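Undergrad: no sequence for this one, just the structure:
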């Protein structure tokens, strides 16, 4: 179909996530046609270097034939199997065992979802069941971080601490609370140990304010993705886990973005021997080739739920497509590519190239901060490097950057507060990085040359 006809249909009928409906009607879609490796092609046959892995998820790159074969073979053999009524399929069983093998030792049980938002939603529901099962029905308050992102389900979006996910949705709920983000570039305290100590104290203070008998869990991302790729100091995640253990509240790690090699190891938790009570995941689990997420839980949580009611009473949580056999088959092959296919190793090998390329841009007049861990990173743009002053929202710098970036054939995330997020696929080569950073510098130069932007820089 002609691009113009598709665009018209899109404007009339397709609701896009996290978009202004009216603005999208005016702008229309960017229609993608194909992908191979780290590159995409749009409907105008323009080639684009994807520096964001789709939406933090296509960690393997596009066009992996072994993944396509795994999906095709499973669809031919058994395209669907319910998990209700004690039914199961081989791929789902094997995937659950594999995830237990590669995850932190505390996690022994897996519930499969369709993605990250419903993994968080499932975690909240299971935690609610857990607190009731252990005879502590008052423990219904949840704590997360400012700038945190935990999806957009009806309740999980309240743990998300981004204004657009609350506006006109009656969120956050009275039982949802936030701690300051461990944000080194804009922290009130300086130094890794001081930032860690401040976060631990904030958690203690919040629990004391709410009452320890009222707090169920603390949710956090090892690195805050949609909040601007905020990278806490090493040791922060472990310190928060130990504080939660001492305070007798569940520690829930959201690895939807950071999992599956994105920060170096299979999971960011493994870098610090962090042992969560629950952990959510999605995105890189199937590398975006099929919808799937998961919430993993410890024996402590699982056994309390299992023993919290008579054996004949079901745990009333489920979804039609939970443990979908095709998604599970895709995930098993994606995991094989990470390990046996060398993708994790390639990501670790090229981490210094990525980090070095970001840091090299600190000499640019627009760049105030460069930060990364593994192949997850960001540049923070500022109007004044000395004061770290942000650009005025009316300038719409992020829109300017996106438009120029597309012309230069580079895709990344331009956040509204002028943080540029990057999540290149683990299949990137040194040549891909060289092209990415050459284009990125040219983009920043072109944006800086715009009179309105040049005038705003101090």
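TA: In hand now; what should we look at? Keep in mind that this is a model prediction, so the values were computed, not measured.
Undergrad: who touches residue 262 in this structure?
TA: Residue 262 is in contact with 56, 59, 268, 284, 347, 374-376, 423, counting by CB atoms under 8 Å, 6 or more residues apart in numbering. In this view, the C-beta of every residue, glycine as well, is placed from N, C-alpha and C.
Undergrad: centroid residue for this structure?
TA: residue 257 (2.7 Å; CA atoms, centre = their mean).
Undergrad: Low-confidence stretches in the stretch 351-458 of the chain?
TA: The model of the stretch 351-458 of the chain has no residue with pLDDT under 70.
Undergrad: What are the boundaries of the strands in it?
TA: Counting by DSSP state E, counting those that start in this stretch, one finds strands in the stretch 351-458 of the chain at the ranges 367-373, 376-381, 410-411, 413-414, 419-422.
Undergrad: and the longest one, what does it pack onto?
TA: Strand 367-373 sits against helix 343-360, strand 376-381, with contacts defined as 3 or more CB pairs under 8 Å, 6 or more residues apart in numbering; DSSP states H and E.
Undergrad: Put together JSON lines for the ones you listed, with mean neighbour count and distance to residue 168 on each row.
TA: What follows is those, written out as JSON lines (neighbours: other CB atoms under 10 Å; distance: least, CB to CB, whole Å):
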{"stretch": "helix 343-360", "mean neighbour count": "18", "distance to residue 168": "36"}
{"stretch": "strand 376-381", "mean neighbour count": "25", "distance to residue 168": "28"}
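Undergrad: And these: which comes nearest residue 178?
TA: strand 376-381 (20.7 Å; CB to CB).
Undergrad: Which strands border the closest one, and is each parallel or antiparallel?
TA: Using DSSP bridges, the strands paired with strand 376-381 are strand 367-373 (antiparallel), strand 419-422 (antiparallel).
Undergrad: ok, and what's touching the last one?
TA: What it means is strand 419-422. 51-52, 225, 228-229, 354, 358, 372, 375-381, 401, 412-415.
Undergrad: what's the answer for stretch 234-244, then?
TA: 182, 192, 195-196, 199-200, 203-204, 218, 220, 222, 250-251, 253, 268-269, 271-277.
Undergrad: residues near residue 458, how many?
TA: Number of residues near residue 458 (other CB atoms under 10 Å) recorded here: 11.
Undergrad: separation between it and residue 76?
TA: Residue 458 sits 62 Å away from residue 76, going by CB to CB, to the nearest Å.
Undergrad: Can you tell me which of the strands paired with strand 376-381 is most buried?
TA: Most buried of these by mean neighbour count (mean count of other CB atoms under 10 Å) is strand 419-422; its value is a mean of 24.
Undergrad: ok now that strand, how far from the chain's centre?
TA: Put simply, strand 419-422 sits 13 Å off its chain's centre (CA atoms, centre = their mean, to the nearest Å).
Undergrad: same check, this time on stretch 356-376
TA: Chain-centre distance of stretch 356-376: 20 Å, with CA atoms, centre = their mean.
Undergrad: how long is it end to end?
TA: 13 Å (CA to CA, to the nearest Å).
Undergrad: how does the chain divide into domains?
TA: For the chain, whose domains are defined here by automatic domain parsing, the residue ranges read 31-63+342-456, 66-339.
Undergrad: mind checking which of those domains is nearest residue 5?
TA: Nearest of the domains of the chain (CB to CB): domain 31-63+342-456, 10.7 Å.
Undergrad: okay, the strands of the stretch 351-458 of the chain in JSON lines with distance to residue 141 next?
TA: Shown next, in JSON lines, are these (distance: least, CB to CB, whole Å):
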{"stretch": "strand 367-373", "distance to residue 141": "30"}
{"stretch": "strand 376-381", "distance to residue 141": "30"}
{"stretch": "strand 410-411", "distance to residue 141": "39"}
{"stretch": "strand 413-414", "distance to residue 141": "31"}
{"stretch": "strand 419-422", "distance to residue 141": "30"}
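Undergrad: Which stretch among these approaches residue 387 most closely?
TA: Among the strands of the stretch 351-458 of the chain, strand 367-373 sits nearest to residue 387 (CB to CB), with 9.6 Å.
Undergrad: can you list contacts of that closest one?
TA: With CB under 8 Å, 6+ apart as the criterion, strand 367-373 contacts 184-185, 223, 229-231, 263-264, 268, 351, 354-355, 358-359, 361-362, 377-382, 385, 388, 422, 444.
Undergrad: Recalculate using a threshold of 7 Å.
TA: Strand 367-373 has contacts (CB atoms under 7 Å, 6 or more residues apart in numbering) with 185, 223, 229, 231, 263-264, 354-355, 358-359, 361-362, 377-382, 385, 388.
Undergrad: Same question for stretch 335-348.
TA: Under CB under 7 Å, 6+ apart, the answer for stretch 335-348 is 60, 64, 66, 98, 260-261, 264, 266, 374-375, 426-427.
Undergrad: Count the neighbours of residue 5 for me.
TA: Neighbours around residue 5, by other CB under 10 Å: 9.
Undergrad: can you give me the helices for the stretch 51-200 of the chain?
TA: Remark: helices assigned in the stretch 51-200 of the chain by DSSP state H, counting those that start in this stretch are 53-56, 65-77, 90-102, 116-133, 156-159, 192-210.
Undergrad: Pick the most deeply packed of those.
TA: When the helices of the stretch 51-200 of the chain are scored by mean count of other CB under 10 Å, the highest mean neighbour count falls to helix 156-159 (a mean of 27).
Undergrad: Touching, residue 118 and residue 153? I think so.
TA: Yes - with contact defined as CB atoms under 7 Å, residue 118 reaches residue 153; the gap is 6.1 Å.
Undergrad: Let's verify residue 237: helix, strand, or coil?
TA: Counting by DSSP: H, G, I helix; E, B strand; the rest coil, the backbone at residue 237 sits in helix.
Undergrad: Could you check how many residues crowd around it?
TA: Neighbours of residue 237 under the rule other CB under 10 Å: 27.
Undergrad: got it, and the one 5 residues further on?
TA: Burial of residue 242 is recorded as 14 neighbouring residues (other CB under 10 Å).
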